[in-house]
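Undergrad: Just need the structure, nothing else, for what follows:
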Amino acid sequence: MVLYWRGRGKEVRGIVFTGGEGPPPGLCRNILREAGETLVVAADAGLGACEQAGVEAAWVIGDMDSLDDERRLDRYAGRIVRHRPDKDYTDTELALVFLREHGAGGIWIIGGGGGRTDHLLALAALFERREKPERWITGREDIRFLGAGTERFFPLTRPGCPVSVFPLGEPPWEAESRFLRWPLTGLAWNRGFFSISNELAEGNTAGGFYLRAIRGGFLVLTPFPGYSF
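TA: Numbers count the residues shown, from 1 in each chain. Sure, this is the predicted structure:
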């Protein structure tokens, strides 16, 4: 039995609710509407955030060691994939594998902000892999992967919103930007380099900025609407 959040899109997008700081319930629902048709999986403690958003997970995955109340699982009989605590992968990793095996594409992670630094770094490291998430949404940031040869417009609603860009994977890296105060076009990227706390160019009327990854991949961080940076 597989449950979907019914949207207008044709592609089934994978959504993982994971533990840690995430968007408020209303924003979570808006994100799912934006995603179109989705297969929603809750990874362990992410089940709480999923239910608070009024979303029923299709599956619950993990060792359940950080679930606040195991009685939450009663309504998901037959839709629980339980793992032993002494496993080799995090609950979020297991959820990603599950979604790929069930044909979901363009996986988004909701939650995972704040809390333990090792968990934060583990989530960030997922974007270094060959099969990586497309988007990661915490309680403060909207984090997107931009692969070589792709371009995206990133809307920003207020002046002074911080924009940070990190190169991913193997060099070389090359990017081209428009409407940023400090252009990334022609910037020499080396391993360990990054662009942090950039912002919209003065007089920008586009309502955001464009970024194109010419060579290599990049992780782009912008603040979510409603977050006071």
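Undergrad: Nearest the geometric middle of this structure, what residue?
TA: Trp136 (1.0 Å; CA atoms, centre = their mean).
Undergrad: give me every residue that touches that one.
TA: Residues counted as contacts of Trp136 (CB atoms under 8 Å, 6 or more residues apart in numbering) are 108-109, 112, 123, 127, 143-144. (Each C-beta comes from the backbone N, C-alpha and C, glycine too.)
Undergrad: TSV for the residues you listed, including secondary structure?
TA: Putting the contacts of Trp136 into TSV (DSSP: H, G, I helix; E, B strand; the rest coil) gives the following:
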residue	secondary structure
Trp108	strand
Ile109	strand
Gly112	coil
Leu123	helix
Phe127	helix
Ile143	strand
Arg144	strand
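Undergrad: got the phi/psi numbers for the residue nearest to the centre of the chain?
TA: phi -140, psi 120 (degrees, to the nearest 10).
Undergrad: With Val55 instead?
TA: On the backbone of Val55 - angles per degrees, to the nearest 10 - the values are phi -110, psi 130.
Undergrad: Tell me how many other residues crowd it.
TA: Val55 is flanked by 21 other residues according to other CB atoms under 10 Å.
Undergrad: looking at it, it is touching Leu32, isn't it?
TA: Yes. The pair Val55 / Leu32 is scored as a contact, 6.6 Å apart, by CB atoms under 8 Å.
Undergrad: which of the residues in the strand or helix carrying Leu27 are buried?
TA: Using DSSP states H and E, Leu27 sits in helix 25-35. Going by neighbour count (16 or more other CB atoms under 10 Å), the buried part of helix 25-35 is 27-28, 31-32, 35.
Undergrad: residues in contact with Gly147?
TA: 213, 217.
Undergrad: helix or strand right after the worst-scoring helix or strand of the chain on mean pLDDT?
TA: Here the helix or strand of the chain ranked lowest by mean pLDDT, DSSP states H and E is strand 4-5, holding a mean of 48. Following strand 4-5 in sequence order, the next helix or strand is strand 12-17 (DSSP H and E).
Undergrad: Quick one: residues in contact with that following strand.
TA: Identification of contacts with strand 12-17 by CB under 8 Å, 6+ apart yields 4-5, 32, 35-43, 46-47, 49-50, 53, 55, 57, 92, 95-96, 99-100, 102-111, 133.
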